[in-house]
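Undergrad: mind looking at a prediction? Sequence and model below.
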Amino acid sequence: MEFVKGHGTENDFVILPDLDDQLDLTVARVQALCDRQRGLGADGVLRVVRSGGTSDGTSSGKWFMDYRNADGSIAEMCGNGLRVFARYLVDAGHQPQGEFVVGTRAGDRTVTTHPDGSVTNDMGPARVTGTSIAAVDGAGIGGFAVDVGNPHLACVTDVPVEGFDLTVPPGYDPVMFPHGVNVELINVIGADALRMRVYERGVGETRSCGTGTVASVASWLAGQGRTTGSATVDVLGGQVVVTIEPTTSTLTGPAVLVARGELDKSWWDALA
Ligand SMILES: N[C@@H](CCC[C@H](N)C(=O)O)C(=O)O
């Protein structure tokens with residue numbers, strides 16, 4: 001069984017081409033693939049499925065991105081994963097360079113691949129749904145709840161984000177976030193420039209989170225009473241550009257494919 005390894009600003013993924021939707025991708029298999037000692041190592045898995053179009057109710061596009069977190073849980077959307085997914089489709093010859101649609105559990109998303117290897121995702125609306133508090137290092141940090149298809153608590157703070165201990169999961173209000181939440185800690189570092197660290201639901205601290213960068217810019221704007229604007233977001237693994245518009249948002253950043261190979265069949269079968 002073929003695999004490809006890739007990353008977007010060092011948020012890394014195992015890509016499993018499964019065009020005809022044959023794979024039984026169990027929690028145990030996702031956990032093993034993502035394990036950095038006993039597997040390939042990744043923050044998540046992207047299963048590439050050819051969708052049946054509007055008739056299967058998943059997508060009006062030709063593709064469905066089945067995203068799983070490293071702990072085996074399912075998430076609605078992954079912004080960095082979507083860029084890597086698009087880059088894979090072009091690299092494999094399944095799509096010409098340019099614009100096409102990918103179905104996700106959060107809905108259809110239009111992606112545009114660029115000749116320099118970067119990809120722009122239309123990320124859909126970033127909805128600010130309220131305010132809440134993240135508990136980090138024993139302190140409460142206020143932020144905005146932002147729905148980017150998946151849930152975020154994006155907290156702009158004056159405390160330098162480099163100093164926070166994110167080996168421990170941040171606390172959050174389980175009533176406001178009954179399905180868990182991704183927590184972003186954000187510093188403003190320039191006129192339209194943010195720095196972000198993130199603790200991802202189902203993964204832990206990662207070096208980048210695409211939906212998290214969109215939530216961060218939406219939160220930063222909301223704190224100024226604004227609903228539109230653009231910013232660069234520096235993450236541990238690089239930089240992306242986010243634009244928030246009244247009804248949608250875009251995310252542009254790199255998408256890199258680093259390796260391809262074959263999974264050992266006996267290893268895979270033993271994990272079922
Ligand atoms: N890294 C992703 C987000 C992946 C899903 C997230 N952990 C969740 O459970 O919602 C991104 O780039 O957006």
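TA: Thanks, I have the structure now.
Undergrad: let me see the contact set for His179.
TA: For His179, the contacting residues are Pro151, taking C-beta atoms under 8 Å, 6 or more residues apart in numbering as the criterion. C-beta: built from backbone N, CA, C; applies to glycine.
Undergrad: ok, it to Ser216 distance?
TA: When C-beta to C-beta, to the nearest Å is applied, the distance between His179 and Ser216 equals 20 Å.
Undergrad: kindly report the same for Gly41.
TA: As for Gly41, its distance to Ser216 is 26 Å (criterion: C-beta to C-beta).
Undergrad: more neighbours: the two, which one.
TA: Applying other C-beta atoms under 10 Å to Gly41 and Ser216 shows that Ser216 carries more neighbours, namely 30 against 14.
Undergrad: which residues of this structure lie near the ligand?
TA: 11, 44, 69, 75, 78-81, 150, 182, 200-203, 206, 209-211 (C-beta under 6 Å from any ligand atom).
Undergrad: tell me which of the residues you listed fall in helices.
TA: Secondary structure assignment by DSSP state H places 79-81, 210-211 of the residues of the chain next to the ligand in helices.
Undergrad: so Ala222 sits in a strand?
TA: No - the assignment for Ala222 is helix, going by DSSP: H, G, I helix; E, B strand; the rest coil, so no strand is present there.
Undergrad: can you get me a residue count around it?
TA: For Ala222, which is what you asked about, the neighbour count (other C-beta under 10 Å) is 19.
Undergrad: touching, it and Gly130? I think so.
TA: No - with contact taken as C-beta atoms under 8 Å, Ala222 and Gly130 are classed as non-touching, separated by 10.3 Å.
Undergrad: which neighbours do the two share?
TA: Taking C-beta under 8 Å, 6+ apart as the contact criterion, the residues that touch both Ala222 and Gly130 are Phe144.
Undergrad: flag the shaky bits of this protein, pLDDT-wise.
TA: 52-60 (pLDDT under 70).
Undergrad: now render the ones in helices among the residues of the chain next to the ligand as TSV, adding neighbour count.
TA: Putting these into TSV (neighbours: other C-beta atoms under 10 Å) gives the following:
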residue	neighbour count
Gly79	29
Asn80	34
Gly81	30
Gly210	27
Thr211	33
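Undergrad: residues contacting Arg127?
TA: By C-beta under 8 Å, 6+ apart, the contact set of Arg127 is 146-148.
Undergrad: now the strands for the stretch 151-272 of the chain?
TA: Counting by DSSP state E, counting those that start in this stretch, one finds strands in the stretch 151-272 of the chain at the ranges 151-156, 182-190, 193-200, 204-206, 229-235, 238-244, 249-254, 256-262.
Undergrad: any chance of a markdown table for those, columns mean neighbour count and distance to Val102?
TA: Written out in a markdown table, the entries for the strands of the stretch 151-272 of the chain read as follows (neighbours: other C-beta atoms under 10 Å; distance: least, C-beta to C-beta, whole Å):
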| stretch | mean neighbour count | distance to Val102 |
| --- | --- | --- |
| strand 151-156 | 28 | 21 |
| strand 182-190 | 22 | 20 |
| strand 193-200 | 24 | 20 |
| strand 204-206 | 20 | 21 |
| strand 229-235 | 21 | 22 |
| strand 238-244 | 21 | 18 |
| strand 249-254 | 22 | 13 |
| strand 256-262 | 12 | 16 |
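Undergrad: can you put those strands in JSON lines and add distance to Asp108?
TA: Rendered in JSON lines, the data for the strands of the stretch 151-272 of the chain read as follows (distance: least, C-beta to C-beta, whole Å):
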{"stretch": "strand 151-156", "distance to Asp108": "20"}
{"stretch": "strand 182-190", "distance to Asp108": "22"}
{"stretch": "strand 193-200", "distance to Asp108": "23"}
{"stretch": "strand 204-206", "distance to Asp108": "25"}
{"stretch": "strand 229-235", "distance to Asp108": "23"}
{"stretch": "strand 238-244", "distance to Asp108": "19"}
{"stretch": "strand 249-254", "distance to Asp108": "15"}
{"stretch": "strand 256-262", "distance to Asp108": "23"}
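Undergrad: list just the nearest of the contacts of Arg127 to Ala255.
TA: Closest approach to Ala255 among these (C-beta to C-beta): Val148, at 18.2 Å.
Undergrad: from what I see, the closest one and Ser249 are in contact.
TA: Yes - using C-beta under 8 Å, Val148 is in contact with Ser249, at 7.5 Å.
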